[in-house]
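Participant: fold the stuff below for me.
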Amino acid sequence: MGTPFISLLEPTLLNWDRSLPSSQQPASASLPRTFLDAMEVREQVYVTEQGVPQENEFDLDDSRSCHWVIYASVNIKQHHHQQDNGLPELNRSGRQRSETRTLPIGTIRLVPFPHPPHPRNGGVYADWKLTNAGAPVSKEGQRDPSAANGNGNDGETVAPLTANELERHARPLFGRDQATEFHDGAELYVKLGRLAVLKEFRGRGIAGQLVRAALGWAAQHGNYFNPSVAALGLDHLGGEMSGEVPMLKWRGLLCCHAQEDAVKFWEKAGFAVDKKMGRWLEDGIPHVGMFQRLTLEPSPPQI
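Facilitator: From the prediction side, this is the model:
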């Protein structure tokens, strides 16, 4: 495998059919190559390997996110061409023909604010919809007794979403969320996720390279996602406000909805488990919330 290189796709309006795999997207969709490659990797890891439904893997956040895809040059042997004598066709050196191809082997995305409400402890989510609101917490959705208050949650139910939360699930809005260990419920945060590396390339530091690339970019572009007065439709206030809205500035807080099996990896990347967020299921896979705060580098103001 040659030295991997990483490509960044900034937020792009995507016209894709989320029920179809990358190889079956219509040409008329004109999807960027980088996003198609990200789709291909995520399909192999989440859809094929982990059993996430195809239509649940891709969502509206994809169009507003930054995507990184890591590529590697891989030597691939071509299929034998049969000659009339039934023997494999050989090149002049007497060896089987092969070629070097550049393959997407991993991907990650960074989702800007705003976000839907934090998941419910013990919640069961499908396509990011809470399916057990008001129902008793199942054994699979129980909180680890060693977390939070140490009492577990036998007999508790998953509280239904409030009217405000339902509205935020339908169209994420700026507003107060439930406070957690690392999030006060009001501070803006960005979410790192959809980290996927092809099975045959794991154990080579590929995931770490992707995370470092995303975190490094975010630290250098701290005001990239900050909404301007004009973007919020507040420019009619004239001299009272200009540039950025102070209360809507990102201060470096990052969230990750981590699969339980990957917690140690995310801890090595600088994230810490938020015990007050509890534990929930996303498409049948146990998840926990994790946070990290970046030190942002000075950057020019948004206009």
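Participant: what's the single longest helix in the protein?
Facilitator: Ranked by residue count, the top helix of the chain under DSSP state H comes out as helix 206-220.
Participant: what is that one packed up against?
Facilitator: Judged by 3 or more CB pairs under 8 Å, 6 or more residues apart in numbering; DSSP states H and E, helix 206-220 is in contact with strand 5-9, strand 66-77, strand 98-111, strand 190-197. From N, CA and C alone the C-beta is placed, and that goes for glycine too.
Participant: buried sites along the shortest one?
Facilitator: Residues of strand 5-9 classed as buried: 6-7, 9 (neighbour count, 16 or more other CB atoms under 10 Å).
Participant: what about the helices in the stretch 101-250 of the chain?
Facilitator: 163-170, 206-220 (DSSP state H, counting those that start in this stretch).
Participant: which residues are contacting the lowest-mean-pLDDT helix or strand in the chain?
Facilitator: Between all helices and strands in the chain, the lowest mean by mean pLDDT, DSSP states H and E belongs to helix 163-170, at a mean of 79. Helix 163-170 has contacts (CB atoms under 8 Å, 6 or more residues apart in numbering) with 114, 116-117, 128-129, 161, 173, 175.
Participant: let's see that helix as PDB, backbone CA atoms only.
Facilitator: The C-alpha coordinates for helix 163-170 follow below in PDB (Å, rounded to 0.1, in the frame of the first residue of the first chain):
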ATOM      1  CA  ALA A 163     -43.000  19.800  21.600                       C
ATOM      2  CA  ASN A 164     -39.900  21.900  21.400                       C
ATOM      3  CA  GLU A 165     -37.700  18.700  21.000                       C
ATOM      4  CA  LEU A 166     -40.000  17.400  18.300                       C
ATOM      5  CA  GLU A 167     -39.600  20.600  16.400                       C
ATOM      6  CA  ARG A 168     -35.900  20.400  16.800                       C
ATOM      7  CA  HIS A 169     -35.800  16.800  15.500                       C
ATOM      8  CA  ALA A 170     -37.800  17.900  12.400                       C
END
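Participant: buried ones in that helix?
Facilitator: Going by 16+ other CB under 10 Å, helix 163-170 has these buried residues: 165, 168.
Participant: ok so, going back, any idea of the mean pLDDT for the longest helix of the chain?
Facilitator: Helix 206-220 carries an average pLDDT of 97.
Participant: any idea of the angle it forms with strand 98-111?
Facilitator: 50 degrees (axes from the mean of the first three to the mean of the last three CA atoms, to 10 degrees).
Participant: buried ones in helix 206-220?
Facilitator: Buried, per 16+ other CB under 10 Å, within helix 206-220: 206-207, 209-211, 213-215, 217-218.
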